[in-house]
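Engineer: A structural model of the following input is requested.
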Amino acid sequence: MTDAEPADTVAAIVRAVPGVAELHSGMFGEVGTYLPGRRVPGIRIGDQGVDVHITVWQGVAVRDTAAAVRAAVAASRPGVPVNVTVEDVTPQPDGQ
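Structural biologist: Take a look at the predicted model:
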C-alpha cells in the first residue's frame, strides 16, 4: 500500500480550509510525500502521525487557521496525531 491516496486526500482537505493559501514544502523542500513520478508538497504521513506545512493568507487569524486545518485533517484520520506548521504568510491576490 502506498500513501498516494491518503496524501492526496489530506492535501485536498487542507487546501479547502479557509485561510490556507497553499501547502508549503519547508525551508529546504524537505516536507512532502514522495510518490512514483510525483510529490505531494507539505504533507508527510508517517508512523508518528501527519505533518502538515502551510502558507496562510495575510490578515487571517494564523492560530485559528492552523486549528481549523488540524481539526479537518483529524476528522479524516481519527486517532492519528496531526501537527500543523505555519511556514509563511502571503499577501492576498489583488481584489480580495
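Engineer: Show me which helix runs longest in the protein.
Structural biologist: Looking across the chain with DSSP state H, the single longest helix is helix 62-76.
Engineer: following it, which helix or strand shows up next?
Structural biologist: Next in sequence after helix 62-76, counting helices and strands by DSSP states H and E, comes strand 82-90.
Engineer: what comes up buried for that next one?
Structural biologist: 82, 84, 86-87 (16 or more other CB atoms under 10 Å). No exception for glycine: its C-beta is placed from N, CA and C like everyone else's.
Engineer: Just the element for the nearest residue to A21 once chain neighbours are set aside, please.
Structural biologist: Using CB to CB, 6 or more residues apart in numbering and skipping residues adjacent in sequence, the residue nearest A21 is T55, 4.5 Å away. T55 belongs to strand 49-57 when assigned by DSSP H and E.
Engineer: returning to what we had before: pull the number of nearby residues for the residue nearest to A21.
Structural biologist: T55 has 16 neighbours, counted by other CB atoms under 10 Å.
Engineer: Does it touch H24 like I think?
Structural biologist: Yes - counting by CB atoms under 8 Å, T55 touches H24, with 4.9 Å between them.
Engineer: Okay, now the unreliable bits of this structure?
Structural biologist: Regions of the chain meeting the criterion pLDDT under 70 cover residues 1-4, 95-96.
Engineer: re the thing from before, need the contact partners of the longest helix of the chain.
Structural biologist: For helix 62-76, the external contacting residues (CB atoms under 8 Å, 6 or more residues apart in numbering) are 9-10, 13-14, 16-20, 50, 52, 54, 56, 80, 82, 84, 86, 89.
Engineer: try it again with 6 Å
Structural biologist: 10, 13-14, 17, 19, 50, 52, 56, 82, 84, 86 (CB atoms under 6 Å, 6 or more residues apart in numbering).
Engineer: Give me the buried positions along it.
Structural biologist: By neighbour count on 16+ other CB under 10 Å, the buried set for helix 62-76 is 65-66, 68-70, 72-74.
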